[in-house]
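[1] model this:
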Amino acid sequence: MQLLLLLIPWLLAIVWVVSINSILIAILLAGATFVQFYLYKKEPLPFLWKMVTSIMQLFWIMAAFLTNTPYITLGIVLPFAALFFMRTSIHEEQEKHLLLSSNYEQQMALLYELRKQRHDLQKHASALLHSDSSSEEYRSTLHSRYTQIDNILRGESNVVAGALYAYNEQAIEKGVNLEYHIQHAISGSPLYEYEIISFIGNILENSIDAAYDYSIASGQQGTILFSCRKQSGIWIIICKNDSLSLDDQTIDRIFTNRSISTKTGNHEGIGTQEIMRIVRKHNGMLDFSVIENEFTLKIKIPDVRELSGL
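    Below is the predicted model:
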């Protein structure tokens, strides 16, 4: 019902131009009406935006009617076109919201793990203090457990730490060995926080899937090494992972608009396109290599901050 009400300006315009025998303009308006009807159904937009657009379109019709100038009715296309031009900002905000909302669960999982480790730490400390014969294996396991989470949290913001922890847990669930070598916290990079979540998320998801497929096919544990450091004003992010052999067509198209996903099933390689988009936005460089069963992704991003408020 709302959609039909929003088409009233178009219907009024068509009826009026037909009544004064402006058939060509009527045909153009009919085509534009069909386009608006299709796009409104395909992509929901805020109702207030649609209503404002309709009111502006009615003013265009009134101007054409009062001046008896039929071609002015074509001006009702302009508010509609502007609406879909502005929808880009909505998409960006929705993307930010989805990324940060999903990261909330990751942070809650990280917080739960920290609380659990704090609770268990007293028991382990008591066992070490009251047992002179504590095995070296027990101490090594304990050290590994508590330094692993420390390596993830060190220097990172809460949002990024939650994401890194979540992908570490995902790797463990799939039996993949994921190691972080983060010399400088990626939170300090010039990327916006929501971009970092998308950036590392796409990199690590692809790496975990590739390493998992490799482990299934080879019978050996797949490994991933993710490192981040800043050197001479350049952020250097490197991700190495075990991978099955890639065909030439996939290699040629990877990180392009024609990329083909290496995942099983029907995928379009959207993740690699998003990685390249972020790198280009920050004037960075992306390079990759595939040597036998090792895929290496190397990204360099200059430490240049966008100025705001100018």
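[2] quick one, helices of this protein?
    Ranges of helices within the chain are 2-6, 8-19, 23-42, 47-67, 77-129, 136-153, 158-173, 193-218, 248-253, 270-281, based on DSSP state H.
[3] Which of those helices has the lowest mean pLDDT?
    Mean pLDDT is lowest for helix 136-153 out of these, coming in at a mean of 63.
[4] Count the neighbours of Ser157 for me.
    14 (other CB atoms under 10 Å). Just so you know, the C-beta spots here come from the backbone N, C-alpha and C atoms, and that holds for glycine as well.
[5] So for the closest residue to it other than its chain neighbours, what's the pLDDT?
    Counting by CB to CB, 6 or more residues apart in numbering, Ser187 is the residue found nearest to Ser157 once chain neighbours are left out, at 4.2 Å. Here, the pLDDT recorded for Ser187 equals 89.
[6] So which bits of stretch 39-57 are buried?
    Residues of stretch 39-57 classed as buried by neighbour count (16 or more other CB atoms under 10 Å): Tyr40, Lys50, Thr53, Ser54, Met56, Gln57.
[7] And those residues, which is closest to Glu173?
    Glu173 has its nearest neighbour among the buried residues of stretch 39-57 in Tyr40, at 41.9 Å by CB to CB.
[8] how close does the closest one get to Val52?
    14 Å (CB to CB, to the nearest Å).
[9] Run through the residues that contact the residue nearest to Ser157.
    Gly155, Glu156, Ser157, Val160, Glu193, Ile196 (CB atoms under 8 Å, 6 or more residues apart in numbering).
[10] what's the spacing between it and Val279?
    With CB to CB as the criterion, Ser187 and Val279 are 18 Å apart.
[11] same thing with Asn241?
    Distance from Asn241 to Val279, by CB to CB: 18 Å.
[12] of the two, who's got more company?
    Asn241 (26 against 19).
[13] who touches the more buried one in this structure?
    Asn241 touches Ser207, Ile208, Ala210, Ala211, Gly222, Thr223, Ile224, Leu225, Glu294, Phe295, counting by CB under 8 Å, 6+ apart.
[14] Kindly recompute the last result at 7 Å.
    When contacts are counted by CB atoms under 7 Å, 6 or more residues apart in numbering, Asn241 touches Ser207, Ala210, Ala211, Ile224, Phe295.
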